[in-house]
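A.B. asks: fold the stuff below for me.
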Amino acid sequence: MMKLSNSFLRKLRFLLLLLVALLAVNLGHVQASEKSPPEDWQLQGTLASLDDSDPDVWGEAMKKISEYDLKSPVEIPSERIEQIGKLLRNEDSEVRSAAAWAVGNLGSEAKQFIPQLLQLFRDENWRVVIAAATAVGNLESEAQELIPQLQQLLTNKYWRVRAAAVTAVGNLGSEAKELIPQLQQLLSDENLEVRRAATIAVGNLGSEAKELIPQLQQLLREKNSNIRYAAVTAVGEMGWEATEFIPQLQQLLREKNSNIRYAAVTAVGEMGWEATEFIPQLQQLLRDKNWRVRAAAVRVVSEMGWEAKELIPQLEQLFSDEDSDVRRAAAWAVGEMESETAKEFIPELRQLFKDKNGRVRAATARAVGNLGWEAKELIPQLQQLLSDEDSDVRRAAATAVGNLESEAKQLIPQLQQLLSDEDSDVRRAAATAVGNLGSEAKQLIPQLLDLLRDEDSEVREATAKALGQMGKFNTQQILQILNATHRNRDQKAGLRFLAYFTSGGESDTVTLIQWLGSPKRYPDLIDNFGEEQSISREEGKKVLEIFADAWEESESIELEQVRDLRSELKAQINKVFKNVNWQPEDIALLKRHYDNLQDEDIKAKIDALEGIQ
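C.D. replies: Below is the predicted model:
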């Protein structure tokens, strides 16, 4: 590695600190998470929602399924697999798109849907096309039999089909390397979108496609900036094998288009030791006017061999700098460091908890949250920030607690207070944090259920997501979720799915959800036009037993939390009551409902049945 001057290193170290902070501000702290298989109750609750009458609820189910790893042994009944497959043909494009994403997660079970996925390459909705192409690509080795079909689709007369096929090829990676000759042709396709998709596919193939280097070199000179961007990205995917592109990358680092400069810097970062050749340009780009370019330059420079411990002497001074933006940057930088290095700065972070500037305190809280258990000794200081006078600080502290997860469970009482904070952003952050704590914070479920009636829609949305992370619910809790559907029309499908999901698919609770919570169509209706159908006595008895239990459960809940639901439940009880041919053996059940409702029609029916006896 070339020797750098001490003067340059000092300047570079300070810029590295400040610009890492900018990167964190603009991109947030992203943690990669691997998918895991669902627990049985999660799977059963999700599958139960597929019997709902609302396609939007099915779409929510498909989104949930796409979050899990279903390639490991997860038993899904064949009829449910078939049901998911049918959603690929649903008239709602959002449902088709969500179903395609879900099918792509099914592993070997998805092979049976290959014909439908390929048909979706012709879908009128581009999001559906991309979802289908991605699903095919996710099949990996399972998709070997697809190669001949993809080969044909790569020459289809419709550009959308060609673009989808080439996207699938790129997602398949090395499994599709035999199609590289076709990709070579598509790099000069008449359609811009096809050329761009082909360029991205070449990047995904990485070193497998190094024979296409001459074509990529041409694409780096394309007039269209989107093509050049895709080409530079493809070069980056080739890593150290892209040394032939060094002269062009040096030019692209001076491009007027900031997106291309960003892609070029990222490509340089993938070149390993060869990147030392670019140090003069990277030095200039550390002062680039575009923050993404600066951030990419910081990332590349920091990966060229310097350890963060070399920066400690310079960094220590920055925590007491007179400029609050510098102190804030120092806190952010610690949050982005490797844990072993960051531990050296815990004393400095402790000082910044008492900084007079609110933005510095907020940055310090975020840094602690990012560091996780390495910073657990600072939890007492973080606790103080949860009651800070500055709402931005309280929000940052709540987010940090959520990131710390079980390490910060001692702060659950403070989170409980923030769920009723006067600032909606703080309430939203607190709800999200409670969700991240999961079952550790299940004592806060009542407060979360209250927040489903919050005046702010973003708070309600964050709350619904948090509730989905708390585990399986009982009937009283599900009744409150169903009550919320009456006041959250824009989130009704999500709330109905949440009720199914947290029910764990229990039969009686699923029946209750199908009858309550403003379903798109009630079970007693033949169609959406309100025409009622008769109900068998056995079905009526079952439903009224469930309704009686639900009414009695609701009586122990504060009325405001179930007011709308109880009105709906009363209407549904009357509807079932009037549509069943009751017998004397049913008197005990009808008396339960009369005791609950004091309804004169029910009393008259009881009297008539007792007369028959």
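A.B. asks: and Val393, what element?
C.D. replies: Assigned by DSSP states H and E, Val393 belongs to helix 391-404.
A.B. asks: beyond that helix, next helix or strand please.
C.D. replies: Following helix 391-404 in sequence, per DSSP H and E, is helix 412-418.
A.B. asks: which residues does the residue most central in space within the chain contact?
C.D. replies: Nearest to the mean C-alpha position of the chain, counting by Cα atoms, centre = their mean, stands Glu67 at 7.8 Å. Residues near Glu67 by Cβ atoms under 8 Å, 6 or more residues apart in numbering: Lys35. (C-beta placed from N, C-alpha, C; glycine too.)
A.B. asks: is it in a helix, a strand, or coil?
C.D. replies: coil (DSSP: H, G, I helix; E, B strand; the rest coil).
A.B. asks: oh, and call the first residue 10 from now on, that's how I've got it
C.D. replies: Got it, first residue is 10 now, which makes that one Glu76.
A.B. asks: so what are the domain limits for this protein?
C.D. replies: Following automatic domain parsing, the chain resolves into domains at 49-283, 482-622.
A.B. asks: just name the most buried of those.
C.D. replies: domain 49-283 (a mean of 19; mean count of other Cβ atoms under 10 Å).
A.B. asks: buried residues in stretch 442-449?
C.D. replies: Ala442, Val443, Gly444, Asn445, Leu446 (16 or more other Cβ atoms under 10 Å).
A.B. asks: what mean pLDDT does stretch 502-515 have?
C.D. replies: For stretch 502-515, mean pLDDT rounds to 96.
A.B. asks: dump the host helix or strand of Phe510 to CSV, restricted to CA.
C.D. replies: Element membership for Phe510, per DSSP H and E: helix 501-512. Only the C-alpha atoms of helix 501-512 are listed here, as CSV (Å, rounded to 0.1, in the frame of the first residue of the first chain):
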residue,chain,number,x,y,z
LYS,A,501,-58.8,-2.3,7.7
ALA,A,502,-57.2,-5.1,5.7
GLY,A,503,-54.0,-4.9,7.7
LEU,A,504,-55.8,-5.0,11.0
ARG,A,505,-58.0,-7.9,9.9
PHE,A,506,-54.9,-9.8,8.9
LEU,A,507,-53.3,-8.9,12.3
ALA,A,508,-56.3,-10.4,14.0
TYR,A,509,-56.0,-13.7,12.0
PHE,A,510,-52.2,-13.7,12.5
THR,A,511,-52.3,-13.3,16.2
SER,A,512,-55.1,-15.8,16.6
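A.B. asks: re the thing from before, the buried residues of stretch 442-449 in helices, which ones?
C.D. replies: Ala442, Val443, Gly444, Asn445, Leu446 (DSSP state H).
A.B. asks: look up how far Leu507 lies from the first one.
C.D. replies: So the one you mean is Ala442. 19 Å (Cβ to Cβ, to the nearest Å).
A.B. asks: likewise the fourth one?
C.D. replies: Spatial separation of Asn445 from Leu507 under the definition Cβ to Cβ is 17 Å.
A.B. asks: which residues are in contact with stretch 367-377?
C.D. replies: 30, 33, 38, 333, 336-338, 340-341, 343-344, 358, 361-364, 384, 387-388, 390-391, 394, 397, 399, 401-402, 404-406, 408-409, 413.
A.B. asks: are any of these buried, and which?
C.D. replies: 30, 33, 38, 336-338, 340-341, 343-344, 358, 361-362, 364, 384, 387-388, 390-391, 394, 397, 399, 401-402, 404-406, 408-409, 413.
A.B. asks: in helices, which of those fall?
C.D. replies: 30, 33, 336-338, 340-341, 343-344, 358, 361, 388, 390-391, 394, 401-402, 404-406, 408-409, 413.
A.B. asks: could you redo the domains of the chain as CSV and give each row distance to Ile454?
C.D. replies: CSV is the format used below for the domains of the chain (distance: least, Cβ to Cβ, whole Å):
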stretch, distance to Ile454
domain 49-283, 16
domain 482-622, 6
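A.B. asks: where among the ones you listed is the average confidence lowest?
C.D. replies: That would be domain 49-283, which, of all the domains of the chain, carries the lowest mean pLDDT at a mean of 83.
A.B. asks: and which of the buried residues of stretch 442-449 is nearest to Lys95?
C.D. replies: Among the buried residues of stretch 442-449, Gly444 lies closest to Lys95 (Cβ to Cβ), at 31.9 Å.
A.B. asks: so that closest one makes contact with Gly480?
C.D. replies: No. Judged on Cβ atoms under 8 Å, Gly444 makes no contact with Gly480 at a distance of 11.2 Å.
A.B. asks: sorry, back to before: over to the residue nearest to the centre of the chain: give its phi and psi.
C.D. replies: Here is the backbone geometry of Glu76 (degrees, to the nearest 10): phi -80, psi -20.
A.B. asks: just the closest of the buried residues of stretch 442-449 to Gly549, please.
C.D. replies: Nearest to Gly549 among these, with distances taken as Cβ to Cβ, is Gly444, at 39.0 Å.
A.B. asks: if I look at that closest one, how far off is Asp499?
C.D. replies: When Gly444 is compared with Asp499 (using Cβ to Cβ), they lie 20 Å apart.
A.B. asks: distance check, Glu264 against Asn299.
C.D. replies: 11 Å.
A.B. asks: which neighbours do those two share?
C.D. replies: By Cβ under 8 Å, 6+ apart, the residues touching both Glu264 and Asn299 are Arg270.
A.B. asks: may I ask which helix or strand encompasses the residue nearest to Glu220 when sequence neighbours are not counted?
C.D. replies: Distance criterion Cβ to Cβ, 6 or more residues apart in numbering; nearest residue to Glu220, sequence neighbours excluded, is Ile189 at 6.8 Å. Using DSSP H and E, Ile189 sits in helix 189-195.
A.B. asks: go ahead and name everything in contact with the helix or strand following that helix.
C.D. replies: Downstream of helix 189-195, the first helix or strand assigned by DSSP H and E is helix 201-214. Helix 201-214 is contacted by residues 168, 171-172, 175-176, 178-180, 182-183, 185-186, 189, 192, 195-198, 218, 221, 224-225, 228, 233, 235-236, 239-240, 242-247 when judged by Cβ under 8 Å, 6+ apart.
A.B. asks: which of these fall in helices?
C.D. replies: Those of the contacts of helix 201-214 lying in helices (DSSP H): 168, 171-172, 175-176, 178-180, 189, 192, 195, 224-225, 228, 235-236, 239-240, 242-246.
A.B. asks: which residues touch Ala185?
C.D. replies: Ile156, Leu159, Val178, Gly179, Leu214.
A.B. asks: which helix or strand contains the second one?
C.D. replies: If you go by DSSP H and E, Leu159 is part of helix 156-162.
A.B. asks: on contacts alone, who are the packing partners of that helix?
C.D. replies: Under the contact criterion of 3 or more Cβ pairs under 8 Å, 6 or more residues apart in numbering; DSSP states H and E, helix 156-162 touches helix 168-181.
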